[in-house]
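Undergrad: Give me a 3D structure for the following:
(chains A and B)
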2 protein chains.
Amino acid sequence: QPVPRPARLGLCAACHGATGEATMPGAPNLAGQRLDYLRDALAQYRDGRRDVPVMRTAIGAISAADLDALARWYSAQPAAEQAQP
Amino acid sequence: QPVPRPARLGLCAACHGATGEATMPGAPNLAGQRLDYLRDALAQYRDGRRDVPVMRTAIGAISAADLDALARWYSAQPAAEQAQP
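TA: Numbering: from 1, shown residues only, chains lettered A, B, ... in the order given. As a prediction, the model looks like this:
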């Protein structure tokens, strides 16, 4: 079944795009990324093992359930065929 | 012009696949990822800002020029439409 659009998508979409195509330098594409990797990365940002203040702030504002919904959303998006330069 | 296949692709391909589709849990897909993000991530693994021993070891074994060729290779690969579960 299709993955529902997360209620809290807007905060992530500002940099990663609503469908996981990054909108700014330094932000990765997330579309089609492996779900296990997205969950691990979010946990690392939350714990500070990846020390990226904007990510820590963003994650702190979102519940664990909403974070999981966001990881599932981005993993389920079809990836663009080619990276933007 | 097409990006040449890097001479040192094998070490990365063991986990990330030759075309950037990850072959094991915990490893991200790299196909079509933004080049700036791949370069930043490699620098962070090398410096220990992302503390992932297998990546630090792998990066230490590859010259800076070869690393750049690898980032360009993976960024240029077409992404699979859909993530594997």
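
Undergrad: Local confidence estimate at the residue of chain A found nearest chain B?
TA: Closest approach between chain A and chain B, counting by CB to the nearest CB: residue A:79, at 3.5 Å. Any C-beta I mention is one placed from the backbone N, CA and C, and that applies to glycine too. pLDDT recorded at residue A:79 is 87.

Undergrad: in a strand, that's where it is, yeah?
TA: No - under the criterion used here (DSSP: H, G, I helix; E, B strand; the rest coil), residue A:79 is coil, not part of a strand.

Undergrad: pLDDT on stretch A:47-64, on average?
TA: pLDDT averaged over stretch A:47-64 gives 90.

Undergrad: any idea how far the residue of chain A closest to chain B lies from residue A:32?
TA: Distance, residue A:79 to residue A:32, by CB to CB, to the nearest Å: 3 Å.

Undergrad: what about the residue of chain A closest to chain B, neighbour count?
TA: Other residues lying near residue A:79 total 24 when counted by other CB atoms under 10 Å in any protein chain shown.

Undergrad: do residue A:8 as well
TA: 17.

Undergrad: Was I right to think it contacts residue A:68?
TA: No - at 11.0 Å, residue A:8 does not count as touching residue A:68 under the criterion of CB atoms under 8 Å.

Undergrad: Can you pull the residues of chain A lying near chain B?
TA: By the rule CB under 8 Å from any CB of the partner chain, the part of chain A lying against chain B is A:22, A:25-29, A:31-37, A:40-41, A:49-51, A:75-76, A:78-85.

Undergrad: Which residue comes closest to residue A:55 once chain neighbours are left out?
TA: In space, and not counting its chain neighbours, residue A:55 is closest to residue A:45: 4.0 Å by CB to CB, 6 or more residues apart in numbering or on different chains.

Undergrad: packing partners for the helix or strand hosting that neighbour?
TA: Assigned by DSSP states H and E, residue A:45 falls within helix A:35-47. Here helix A:35-47 touches helix A:53-60, helix A:64-76, going by 3 or more CB pairs under 8 Å, 6 or more residues apart in numbering or on different chains; DSSP states H and E.
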